[in-house]
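> no FASTA, just this:
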Ligand SMILES: O=CC(=O)O
């Protein structure tokens, strides 16, 4: 298929540089407004294009894939997580799926560290004092947080982002622990000075901070359920820059309210924008609107990855960042 004839539909507004480059290379349909497409719009877009460039706000399930006809050949996701795409059904229908790994690793790890610091050092509470003009001067006992150095950090999911979190946290003097489906190679473990826990339960019970960095898959759904959250130390803090579904949000909210967990820093939520309203009322909870990968540099690099995936596919090869069900 000649590259210039490939028709590409993009479901959301992307940084201008990315939209411009896409337009130069392909027969691209871009969006004017930046709301997620409705299911009907998405189905229509998929019927009429060779390539779809969706984002995590587009739910591409088996029902939708059943409606798309024969034309669509590639779903080149703008983003790393593909939990919103039924990759197995796409494969059965001969549609390839690719993503944009690697380029958002450092930004997401930075945000993880920012949340750890924000919760343990009470940054939003300090900010609120200043914004309300209530600061009366330095006081030896005002807004005391906890020192991150020396604390045990338990990383749940030690892929690219988990390892980038480990490198940062080590620089802050934290002790690195992790649980992962597969243990890291010894030399990587050694470089990160990371301790592996085969038992997630045992790790959780001993950590001061838990960081969720695993993808959302059927096997990680509610991995942090009520039973596991109860294993946390009452002084423990949990942060999540991955996907909301990994934590039982209602159970977490209850336990923070009752003082069984000391605090949380969340960038993602179990039910998307429907954040548990009780979470918003808690001073020891820092909430962000899913901005882990939100840097201009990262979002442009994600676009470059999407373009390389489409171009490689247009040249008759597999996209370099192809996602296959076995990887999930
Ligand atoms: O959360 C962002 C992504 O998965 O790219």
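Arrived safely, thanks for sending. Owing to the predicted nature of the structure, the values given are computational and were not obtained by experimental measurement. Numbering: from 1, shown residues only.

> drop to CA atoms for contacts and neighbour counts, all remaining ones
Fine.

> Just the strands from the chain, written as ranges.
7-10, 27-29, 51-53, 74-76, 96-98, 152-156, 175-179, 194-196, 209-212, 237-240, 263-266, 285-287 (DSSP state E).

> Output these in JSON lines; the columns should cover mean neighbour count and mean pLDDT.
As requested, those are arranged in JSON lines below (neighbours: other CA atoms under 10 Å; pLDDT from 0 to 100):
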{"stretch": "strand 7-10", "mean neighbour count": "22", "mean pLDDT": "97"}
{"stretch": "strand 27-29", "mean neighbour count": "18", "mean pLDDT": "96"}
{"stretch": "strand 51-53", "mean neighbour count": "27", "mean pLDDT": "98"}
{"stretch": "strand 74-76", "mean neighbour count": "28", "mean pLDDT": "98"}
{"stretch": "strand 96-98", "mean neighbour count": "25", "mean pLDDT": "98"}
{"stretch": "strand 152-156", "mean neighbour count": "27", "mean pLDDT": "99"}
{"stretch": "strand 175-179", "mean neighbour count": "24", "mean pLDDT": "98"}
{"stretch": "strand 194-196", "mean neighbour count": "20", "mean pLDDT": "98"}
{"stretch": "strand 209-212", "mean neighbour count": "26", "mean pLDDT": "98"}
{"stretch": "strand 237-240", "mean neighbour count": "26", "mean pLDDT": "99"}
{"stretch": "strand 263-266", "mean neighbour count": "26", "mean pLDDT": "98"}
{"stretch": "strand 285-287", "mean neighbour count": "23", "mean pLDDT": "98"}
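
> Now render those strands as TSV, adding distance to the ligand.
As requested, those are exported to TSV (distance: least, CA to the nearest ligand atom, whole Å):
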stretch	distance to the ligand
strand 7-10	15
strand 27-29	21
strand 51-53	13
strand 74-76	12
strand 96-98	12
strand 152-156	16
strand 175-179	20
strand 194-196	25
strand 209-212	13
strand 237-240	11
strand 263-266	13
strand 285-287	15
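
> which one of these lies closest to residue 41?
strand 7-10 (11.1 Å; CA to CA).

> so what strands line up beside that closest one?
strand 27-29 (parallel), strand 51-53 (parallel) (DSSP bridges).

> Pipe the strands of the chain into TSV and attach distance to residue 276 per row.
Below are the strands of the chain laid out as TSV (distance: least, CA to CA, whole Å):
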stretch	distance to residue 276
strand 7-10	31
strand 27-29	36
strand 51-53	30
strand 74-76	32
strand 96-98	32
strand 152-156	23
strand 175-179	27
strand 194-196	33
strand 209-212	19
strand 237-240	15
strand 263-266	12
strand 285-287	11
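
> List the single closest residue to residue 64 in space, sequence neighbours excluded.
Once flanking residues are discounted, residue 64 sits nearest to residue 43: 6.4 Å by CA to CA, 6 or more residues apart in numbering.

> What distance do you get for the one you found to residue 190?
From residue 43 across to residue 190, the span is 48 Å (CA to CA, to the nearest Å).

> who's more crowded, those two?
residue 43 (19 against 11; other CA atoms under 10 Å).

> Could you pull up the contacting residues of the more buried one?
64, 65, 67, 68 (CA atoms under 8 Å, 6 or more residues apart in numbering).

> Give me the pLDDT for it.
On pLDDT, residue 43 comes in at 96.

> With residue 327 instead?
With respect to pLDDT, residue 327 has a value of 80.

> That one: how many residues sit nearby?
6.

> Check residue 273 too.
Around residue 273 there are 10 residues (other CA under 10 Å).

> So that it lines up with my notes, have the first residue be 39 from now on.
Will do, 39 is the new start, and the previous item becomes residue 311.

> And it, how close does it get to residue 363?
Where residue 363 is concerned, residue 311 sits at a distance of 27 Å (CA to CA).

> Kindly report the same for residue 242.
With CA to CA as the criterion, residue 242 and residue 363 are 29 Å apart.

> which residue is nearest the middle of the chain?
residue 280 (3.3 Å; CA atoms, centre = their mean).

> Now it: closest residue in space that isn't a chain neighbour?
residue 251 (5.3 Å).

> got a list of what the one you found touches?
193, 194, 195, 196, 197, 199, 200, 278, 279, 280.

> count of residues packed around residue 175?
Neighbours of residue 175 (other CA under 10 Å): 6.
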